[in-house]
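Trainee: Predicted structure and sequence below. I'll ask about it afterward.
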Amino acid sequence: RPEVTFSHIATDAEHFPFKKWRRYQQKVFDHHKKQLSLLPHPQGPYELRESIAAMIALTRGVRCRPEQIIIGSGTQPLIHKLMSLQSRTTPIAVENPGYQRFYQLLKDMDFKVEPIDLDEQGISVDTIRKKDPKWVFVTPSHQFPTGTIMPINRRIKLLNWAAESPDRYIVEDDYDSEFKYETDHIPSLQSLDRNRQVIYTGTFSKTLLPSLRISYMILPPDLLSRFRSAYGHWIDGPSGLNLWTLKYFIDKGEYSRHIKRMNARYKAKRAKLIRELHRVFGDKITIHDIPAGLHFLVEIDTNLSYQDIEEQAKERKIELYTIRRFFLQDIKMAETNKKKLIIGFANMKEDKIRESVQRLASLFS
Ligand SMILES: Cc1ncc(COP(=O)(O)O)c(/C=N/[C@@H](CCC(=O)O)COc2ccccc2)c1O
């Protein structure tokens, strides 16, 4: 069991409003017995989809009707269903480094997946043009795992690429858009798309609890009708009790208040951690402190290999991920003496920051 954690795969559940969640759960028991006695709609309750559509129109500029929203038990099952409708000869591009679970999923489905390099503005559209895929998966809000926020000009460039051919699609994975500490929100690709070529996915894993497994996907009309005919008869998805509770949580303003509170809390904790990292590591560390999300990348001068770092961290009971976790399988990445580490802070107790950084430093001393 790790004694300190730099994991990015956790939320600060200590500050989740469990009492409020339980109160709304009780309301569902009191007022929605009938709905609970039925199967939820295959895309999730219409009333919840209305609340989500209204919320993301405000926060992300996303324009959609509730009918276009598919609620699922995690982003992977949603993507899996959508991609099962595409011909396996469709060439697909993903960010490298990137979200390895999508890469693996697409490879396991026998798609030809092209890793695309990133620059300081995010995915390289020049490389996309060279590789000529039909679908591109991106995380523009806060590139996973490097943290890059795709500027508006690169968003336009990517959309212009898609607009050149009707059979091109962009999957905008907006999973980490809620946490921004300086910059204001840049409009989503979906809000800028004029040709119905953007599939938008979001999740409540990072803002509420990952164990709820509540995520959603917004399809343009032509993909929606194909999705409905293929999956309209499926009865899967998250529990109706949690979905109805989430509806109350959003409608009563609890969700947006929770995000505001957590933004402030994470911002303060992150600043304290960054100060401590500079204090202890000095000029041996470069911190890519992009003001967003629940983790950031650091580069540390060391002759240790990634293997050594990961093994020694385990020995010293430090939960730590290196960039190697996100190197797409069978893609060799050069190892320099600047090693990239993922510094997650959501689950780090403020009073453990000093000890955590001290332990991390002991790896490299
Ligand atoms: C890029 C990206 N897109 C979507 C998701 C969300 O997926 P969903 O939960 O299925 O909706 C994740 C979650 N990635 C997860 C794992 C990352 C990894 O494997 O290293 C991290 O998930 C959490 C992070 C913080 C708090 C709670 C969860 C994603 O990293």
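Mentor: That came through fine. Numbers count the residues shown, from 1 in each chain.
Trainee: near the ligand, which residues of the stretch 251-365 of the chain?
Mentor: Residues of the stretch 251-365 of the chain lying near the ligand by Cβ under 6 Å from any ligand atom: Leu294, Arg325. Heads up, the C-betas are built off the backbone N, CA and C, glycines and all.
Trainee: now the strands for the stretch 1-150 of the chain?
Mentor: Ranges of strands in the stretch 1-150 of the chain, per DSSP state E, counting those that start in this stretch, are 4-5, 69-72, 91-96, 112-119, 122-123, 135-138.
Trainee: Could you dump those strands into CSV with mean neighbour count, distance to the ligand and mean pLDDT added?
Mentor: As requested, the strands of the stretch 1-150 of the chain are arranged in CSV below (neighbours: other Cβ atoms under 10 Å; distance: least, Cβ to the nearest ligand atom, whole Å; pLDDT from 0 to 100):
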stretch, mean neighbour count, distance to the ligand, mean pLDDT
strand 4-5, 20, 12, 94
strand 69-72, 24, 8, 98
strand 91-96, 22, 9, 97
strand 112-119, 17, 14, 96
strand 122-123, 24, 13, 98
strand 135-138, 25, 9, 98
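Trainee: okay, these in a markdown table with distance to Leu48 next?
Mentor: Output for the strands of the stretch 1-150 of the chain, formatted as a markdown table (distance: least, Cβ to Cβ, whole Å):
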| stretch | distance to Leu48 |
| --- | --- |
| strand 4-5 | 33 |
| strand 69-72 | 7 |
| strand 91-96 | 30 |
| strand 112-119 | 33 |
| strand 122-123 | 31 |
| strand 135-138 | 26 |
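Trainee: wait, what's in contact with the nearest residue to Lys131 once chain neighbours are set aside?
Mentor: Distances taken as Cβ to Cβ, 6 or more residues apart in numbering put Glu114 closest to Lys131, at 4.5 Å, once the chain neighbours are dropped. Residues in contact with Glu114 (Cβ atoms under 8 Å, 6 or more residues apart in numbering) are Pro91, Ile92, Ala93, Val94, Lys131, Pro133.
Trainee: rerun at 6 Å
Mentor: Ala93, Lys131, Pro133 (Cβ atoms under 6 Å, 6 or more residues apart in numbering).
Trainee: same check, this time on Leu277
Mentor: By Cβ under 6 Å, 6+ apart, the contact list for Leu277 reads Ile285, Val357.
Trainee: One more pass at 7 Å, please.
Mentor: By Cβ atoms under 7 Å, 6 or more residues apart in numbering, the residues touching Leu277 are Ile285, Ile287, Val298, Val357.
Trainee: before we move on, the earlier item: where's the residue nearest to Lys131 relative to Leu106, distance?
Mentor: Glu114 sits 10 Å away from Leu106, going by Cβ to Cβ, to the nearest Å.
Trainee: Output the helix or strand hosting Leu297 as PDB, nothing but the C-alphas.
Mentor: Assigned by DSSP states H and E, Leu297 falls within strand 295-301. What follows is strand 295-301, C-alpha atoms only, in PDB (Å, rounded to 0.1, in the frame of the first residue of the first chain):
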ATOM      1  CA  HIS A 295      -2.300  16.700 -12.700                       C
ATOM      2  CA  PHE A 296       0.700  18.200 -14.400                       C
ATOM      3  CA  LEU A 297       3.900  17.000 -16.000                       C
ATOM      4  CA  VAL A 298       7.400  17.600 -14.500                       C
ATOM      5  CA  GLU A 299      10.800  16.800 -16.100                       C
ATOM      6  CA  ILE A 300      13.600  15.800 -13.700                       C
ATOM      7  CA  ASP A 301      17.300  15.500 -14.600                       C
END
